[in-house]
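**Q** Got a sequence here, can you model it:
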Amino acid sequence: MNAAARGRINSNKMDKVESLEEFYKRKIGWMPDPIREEIGHFNVFKLDPFVGKNAQPVPYKRRDFYKIMLVVGKSKVHYADQVVEVAKQALTFSNPQIPYKWEHIDQIRRGVFCIFNQHFFHRYGNLNQYSLFQPGGNHVFELSDRQVNQVSGIFQRMMEEINSDYIYKYDALRTMVFELIHFAMKMQPSAKIDHQALNASQRISTLFLELLERQFPIDDNHKAVNLRTASDFARQLNVHVNHLNRSVKETTGKTTTQILAGRLLQEAKILLKHSAWPVSDIAHALAFREVTHFNNFFKKHVKLSPIKYRSI
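**A** Here you go, the predicted model:
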């Protein structure tokens, strides 16, 4: 990438990631406590001050933290390649890999949300193994009135716990986060997988998906992907490419090629819509040797050229 291109990118930042500190300044104008990396950060808020007549636009960008939110009222969530409409009320999940913005938050009547960073779950599991935190997963779960009451109860317990003097309250709060995750996961159809086979195959597939996600987002600090093909990932994982392909297909139902193409396509859409990067720079960042190869790849999946897609 030449100096002129870098200049264009630096002067047109779509990829600026909102930090927890910036979130607090934007939302409430102050920081509750210094964010200590070694223990992580967690907080929970009622949504009321930020919706209705006091609603403020939520910009399209990535955040460097996780967020789980219960919203009651009509609204829309914009992702890179889709718009999800909340008809009445929903439980939503977002993470640092997935940029988004909310529309019509003035129509949301009430809600509650919790935020936390990766360090809050350090040594307590990998949240990105759950589909609702993965780029291709479902992030918005429409709820019935009964389900709203159940989810509201979990958030109410969070608020009581975080204000308590209990010495292990953050352990209890992690458990409640997992309650919300599994509440939503149970709403999805169960994957039809033979659980007796979910040992080495599951582990390899999980490692593959983790390696894939580490390459994103593409931004000023991370300008290009390094692992581009199934063979690249197999070498990194020290397994035969056929074994990798079988494991991924067995545990996800998709081929390695399909997953790689889908993730590259998602990042391409983000960069085309929300950056001023030239198409040639986007192509090279996504490890396409020739711009024409990128154009053909994009048109095959989207039925539009990159330039046409950007102009819509």
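**Q** Only C-alpha atoms from now on, for both contacts and neighbour counts.
**A** Fine.
**Q** who does the helix or strand hosting residue 293 touch, helix- and strand-wise?
**A** Taking DSSP states H and E as the definition, one finds residue 293 inside helix 291-302. Taking 3 or more CA pairs under 8 Å, 6 or more residues apart in numbering; DSSP states H and E as contact, the helices and strands that helix 291-302 lies on are helix 279-285, helix 306-311.
**Q** For it, buried residues please.
**A** 291, 294, 295, 297, 298 (16 or more other CA atoms under 10 Å).
**Q** quick one: contacts of that helix?
**A** For helix 291-302, the surrounding residues in contact (CA atoms under 8 Å, 6 or more residues apart in numbering) are 265, 279, 280, 283, 284, 288, 304, 305, 306.
**Q** On the three-state scheme, residue 72 is what?
**A** Put simply, residue 72 is strand when judged by DSSP: H, G, I helix; E, B strand; the rest coil.
**Q** Residue 269: how many residues sit nearby?
**A** 20 (other CA atoms under 10 Å).
**Q** host element of it?
**A** Assessed by DSSP H and E, residue 269 sits inside helix 256-274.
**Q** Show me which residues of that helix are buried.
**A** Applying 16+ other CA under 10 Å to helix 256-274 flags 256, 259-261, 264-274 as buried.
**Q** separation between residue 157 and residue 48?
**A** 18 Å (CA to CA, to the nearest Å).
**Q** Show me which of these two is the more surrounded one.
**A** residue 48 (16 against 13).
**Q** And the residue lying closest to that one once chain neighbours are set aside, its phi and psi?
**A** Excluding its sequence neighbours, the residue lying closest to residue 48 (CA to CA, 6 or more residues apart in numbering) is residue 110, at 5.3 Å. Main-chain dihedrals, residue 110, degrees, to the nearest 10: phi -160, psi 170.
**Q** try residue 215
**A** phi -80, psi 0.
**Q** The closest residue to it other than its chain neighbours: what's it in contact with?
**A** Nearest residue to residue 215 in three dimensions, chain neighbours excluded: residue 225, at 5.5 Å (CA to CA, 6+ apart). By CA under 8 Å, 6+ apart, the contact list for residue 225 reads 215, 216, 218, 285, 286, 287.
**Q** Looks to me like residue 115 is in a strand.
**A** Yes - counting by three-state DSSP, residue 115 is found in a strand.
**Q** May I have the beta-bridge partners of it?
**A** residue 43, residue 67 (DSSP bridges).
**Q** for the stretch 1-150 of the chain, which spans come out with low pLDDT?
**A** Scanning the stretch 1-150 of the chain with the threshold set as pLDDT under 70 gives 1-17, 26-39, 49-62, 80-81, 105-106, 135-136.
**Q** Which parts of it are helices?
**A** 3-11, 20-27, 145-162 (DSSP state H, counting those that start in this stretch).
**Q** Only C-alpha atoms, please: export stretch 279-287 in PDB.
**A** This file holds the C-alpha atoms of stretch 279-287, laid out as PDB (Å, rounded to 0.1, in the frame of the first residue of the first chain):
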ATOM      1  CA  VAL A 279     -11.200  -1.100  -4.300                       C
ATOM      2  CA  SER A 280      -7.600  -2.100  -5.200                       C
ATOM      3  CA  ASP A 281      -6.500  -1.600  -1.600                       C
ATOM      4  CA  ILE A 282      -9.400  -3.600  -0.300                       C
ATOM      5  CA  ALA A 283      -8.600  -6.400  -2.700                       C
ATOM      6  CA  HIS A 284      -4.900  -6.500  -1.600                       C
ATOM      7  CA  ALA A 285      -5.900  -6.300   2.100                       C
ATOM      8  CA  LEU A 286      -8.100  -9.400   1.600                       C
ATOM      9  CA  ALA A 287      -5.200 -11.200  -0.100                       C
END
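**Q** Outside of it itself, list whatever touches it.
**A** By CA under 8 Å, 6+ apart, stretch 279-287 touches 1, 5, 218, 223-226, 228, 264, 268, 271-272, 289-291, 294, 306-307.
**Q** my read: residue 101 touches residue 77, true?
**A** Yes - the pair residue 101 and residue 77 passes the contact test of CA atoms under 8 Å, sitting 5.8 Å apart.
**Q** center of this structure - which residue?
**A** residue 98 (3.1 Å; CA atoms, centre = their mean).
**Q** Quick check: it vs residue 261, distance?
**A** 17 Å.
**Q** and residue 175, how many residues sit next to it?
**A** Residue 175: 13 neighbours (other CA under 10 Å).
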